[in-house]
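1. This is a predicted model, with the sequence first.
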Amino acid sequence: MPASTTTDRTDTPAGALGPTALVFGALAAAGLWPTLTFGLLPWTLMAGGLAVTFGLMGVHHARRGAGRMVTSVTGAVLGTIGLLWPFVLIMSLY
């Protein structure tokens with residue numbers, strides 16, 4: 001076997017946490033569009049929570065050298081915005 005089978009620092013599933021958080025964060029932030037707010041409300045809450053979770057884990061692994069910090073932070077921020085928007089909207093009604 002001429003090729004090495006040892007793992008590299010970039011051969012880790014932790015590298016996918018940032019892009020996954022970014023996709024979930026974009027889905028969560030899509031709920032901010034006024035015509036989509038109530039139609040995407042359950043998806044906004046679920047995707048926002050997953051984006052924050054995956055984004056923070058991506059930041060943790062990016063600090064250790066696996067993955068990218070920018071995509072993880074962006075996904076976490078978008079997820080936080082999408083997760084907090086329904087609560088702000090409901091609290092503004094009272």
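-> Nice, I can see it. Quantities reported herein were computed from a predicted structural model and do not represent experimental measurements.

2. mind listing the helices for this structure?
-> In the chain, the helices defined using DSSP state H lie at 17-29, 41-63, 69-92.

3. could you say what helices and strands the last one packs with?
-> To tie it back to what came earlier, the one meant is helix 69-92. Counting contacts by 3 or more Cβ pairs under 8 Å, 6 or more residues apart in numbering; DSSP states H and E, helix 69-92 is packed against helix 17-29, helix 41-63. All C-beta spots, glycine's among them, are computed from the backbone N, C-alpha and C.

4. so which of those gets nearest Val70?
-> Among the helices and strands packed on helix 69-92, the nearest to Val70 by Cβ to Cβ is helix 17-29 (7.6 Å).

5. Just want the angle from the closest one to helix 41-63.
-> 160 degrees (axes from the mean of the first three to the mean of the last three Cα atoms, to 10 degrees).

6. gap between helix 17-29 and the chain center?
-> The chain centre lies 4 Å from the centre of helix 17-29; the measure is Cα atoms, centre = their mean, to the nearest Å.

7. Check stretch 21-37 too.
-> 11 Å.

8. Same check on stretch 38-54?
-> Per Cα atoms, centre = their mean, the centroid offset for stretch 38-54 relative to its chain is 9 Å.

9. Extract the C-alpha set from that stretch and format it as CSV.
-> Provided in CSV are the C-alpha atoms of stretch 38-54 (Å, rounded to 0.1, in the frame of the first residue of the first chain):
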residue,chain,number,x,y,z
PHE,A,38,-45.7,32.4,10.5
GLY,A,39,-45.3,29.9,7.8
LEU,A,40,-41.7,29.1,8.8
LEU,A,41,-42.2,29.5,12.6
PRO,A,42,-41.7,25.8,13.6
TRP,A,43,-38.8,25.5,11.1
THR,A,44,-37.3,28.8,12.3
LEU,A,45,-37.2,27.6,15.9
MET,A,46,-35.8,24.1,15.1
ALA,A,47,-33.2,25.4,12.6
GLY,A,48,-32.2,28.2,14.9
GLY,A,49,-31.5,25.9,17.8
LEU,A,50,-29.5,23.5,15.6
ALA,A,51,-27.6,26.4,14.1
VAL,A,52,-26.6,27.7,17.5
THR,A,53,-25.6,24.3,18.7
PHE,A,54,-23.6,23.3,15.6
